[in-house]
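1. only geometry, no sequence info:
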């Protein structure tokens, strides 16, 4: 079977084609219009999706070497995300699937990030066994998930305020480094001392996260240092980035170690945009050596929003004939079903 995946939850328009669970193409159009605003502008994002979605889908089909008439189903991101962006993908899917007479498959965006570990580029690629623990970290979400099956995911802990990726972006903005902050902080951190500065770490019981206090600690510390040296950030930006990254990774890994200890599950994965961070990836390799974990780290192309993860989720739902009726609307907020 051929599955078309469509992703439009934020500012990336993406389309992918899978032959069963083998990826044939994965095309993404990013939006540069948001850089000058320091963040995603929802109205501009939805307009860009309208311009990009037809060319992106056409390119994905062409690279896969098939025609639209060969498709078995269309999987699409129904939510969560920016409502205007989601509506473009949902509306396109409804018209496209109806015109071809093929079923639609709605996919939870967060479920898609976890399922990115099941994308195969060749049949012999390995995938995590069920159950496994997944750290899902992005600009909008920070969760520890116990994955019992592709359609059975239990949230063990999650942020009670800000997400890890949001904290990185906000601290980068405070330093005047630009948007998006994640790649910038990652690049600078590789040249800095991660132990140069200490910032407040939250003491939240259980497996939940909190990052709002860290942002406040970072801001107040900068204000104090800048009073003594107006050029403090420019002189110490590498060490600041490294120390910020070290603190966030330490917070994430402490709770993840606790989750592994409580569940006894040592197959551990990471997913979401922050999984591209070099410090977090190094921490996973370190924990694999120290604690005997079997780790699963996605390719960089599957860390950010992409349609391949939507398509692979759609493939498994197709096998269960879990289709979506045309009257189902997009939704902006939810965790897992």
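-> That came in fine, so what should we check first? Everything numeric in this text was worked out from a predicted model, so none of it was measured.
2. So for stretch 234-243, mean pLDDT?
-> Per-region confidence: stretch 234-243 scores 97 on mean pLDDT.
3. So for it, what gets flagged as buried?
-> Buried positions in stretch 234-243, judged by neighbour count with 16 or more other C-beta atoms under 10 Å: 236, 237, 238, 239, 240, 241, 242, 243. Using the backbone N, CA and C atoms, a C-beta is placed for each residue, glycine as well.
4. got a list of contacts for that stretch?
-> Identification of contacts with stretch 234-243 by C-beta atoms under 8 Å, 6 or more residues apart in numbering yields 175, 177, 184-186, 188-199, 222, 225, 229, 233.
5. gap between that stretch and the chain center?
-> 25 Å (C-alpha atoms, centre = their mean, to the nearest Å).
6. Kindly report the same for stretch 4-20.
-> 14 Å.
7. tell me which of the buried residues of stretch 234-243 is nearest to residue 109?
-> residue 241 (28.2 Å; C-beta to C-beta).
8. A helix includes the closest one, no?
-> Yes: counting by DSSP: H, G, I helix; E, B strand; the rest coil, residue 241 is located in a helix.
9. The residue most central in space within the chain: what's its closest spatial neighbour, skipping adjacent residues?
-> For the chain, the residue nearest the mean C-alpha position is residue 272 (2.5 Å; C-alpha atoms, centre = their mean). Among residues not flanking residue 272 along the chain, residue 138 sits closest, at 3.6 Å (C-beta to C-beta, 6 or more residues apart in numbering).
10. how much space is there between that neighbour and residue 71?
-> 29 Å (C-beta to C-beta, to the nearest Å).
11. One more: residue 82?
-> 26 Å.
12. Looking at those two, which is more packed in?
-> When residue 82 and residue 71 are compared on other C-beta atoms under 10 Å, the one with more neighbours turns out to be residue 82, at 23 against 19.
13. residue contacts, that one?
-> 9, 10, 40, 42, 45, 46, 332.
14. Then residue 274?
-> 137, 138, 139, 164, 165, 168, 182, 280, 303.
15. And residue 4, its phi and psi?
-> phi -100, psi 130 (degrees, to the nearest 10).
16. Okay, and the beta partners of it?
-> residue 17, residue 74 (DSSP bridges).
17. let's have the chain start at 56 instead
-> Shifting the count to begin at 56 puts that one at residue 59.
18. Do I have it right that it meets residue 72?
-> Yes: with contact defined as C-beta atoms under 8 Å, residue 59 reaches residue 72; the gap is 5.7 Å.
19. what's the overlap in contacts for those two?
-> Shared contacts of residue 59 and residue 72, counting by C-beta under 8 Å, 6+ apart, come down to 115, 116, 126, 366.
20. which residue ranges form the strands in the stretch 56-205 of the chain?
-> With DSSP state E, counting those that start in this stretch as the criterion, the stretch 56-205 of the chain has strands at 57-62, 68-74, 77-84, 128-134, 159-163, 187-192, 197-204.
21. Now tabulate the ones you listed in a markdown table and tack on distance to residue 345 and mean neighbour count.
-> Output for those, formatted as a markdown table (distance: least, C-beta to C-beta, whole Å; neighbours: other C-beta atoms under 10 Å):
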| stretch | distance to residue 345 | mean neighbour count |
| --- | --- | --- |
| strand 57-62 | 35 | 28 |
| strand 68-74 | 36 | 28 |
| strand 77-84 | 33 | 20 |
| strand 128-134 | 36 | 26 |
| strand 159-163 | 33 | 24 |
| strand 187-192 | 16 | 26 |
| strand 197-204 | 19 | 21 |
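22. Format those strands as CSV; extra columns: mean pLDDT and distance to residue 312.
-> As requested, the strands of the stretch 56-205 of the chain are exported to CSV (pLDDT from 0 to 100; distance: least, C-beta to C-beta, whole Å):
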stretch, mean pLDDT, distance to residue 312
strand 57-62, 98, 32
strand 68-74, 97, 33
strand 77-84, 96, 32
strand 128-134, 97, 31
strand 159-163, 97, 27
strand 187-192, 98, 10
strand 197-204, 97, 10
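23. Format those strands as CSV; extra columns: distance to residue 151.
-> Output for these, formatted as CSV (distance: least, C-beta to C-beta, whole Å):
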stretch, distance to residue 151
strand 57-62, 8
strand 68-74, 10
strand 77-84, 15
strand 128-134, 6
strand 159-163, 9
strand 187-192, 29
strand 197-204, 29
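24. coming back round to it: is it possible to mark the buried ones in the contacts of stretch 289-298?
-> For the contacts of stretch 289-298, buried by 16+ other C-beta under 10 Å: 230, 232, 239-241, 243-244, 247, 249, 252, 254, 277, 280, 288.
25. what's the most distant pair in these?
-> Going by C-beta to C-beta, the pair spanning the buried ones among the contacts of stretch 289-298 furthest: 241 and 280, at 22.2 Å.
26. picking up where we left off before, what's the closest of the buried residues of stretch 289-298 to residue 82?
-> Relative to residue 82, and with distances defined as C-beta to C-beta, the nearest of the buried residues of stretch 289-298 is residue 296, at 31.7 Å.
27. Excluding sequence neighbours, find me the nearest residue to the closest one.
-> residue 243 (3.7 Å).
28. List the residues that contact the one you found.
-> Contacts of residue 243 by C-beta under 8 Å, 6+ apart are 232, 292, 293, 295, 296, 297.
29. Same question for residue 72.
-> So residue 72 contacts 57-60, 78-80, 115-116, 118-119, 121, 126, 366 (C-beta under 8 Å, 6+ apart).
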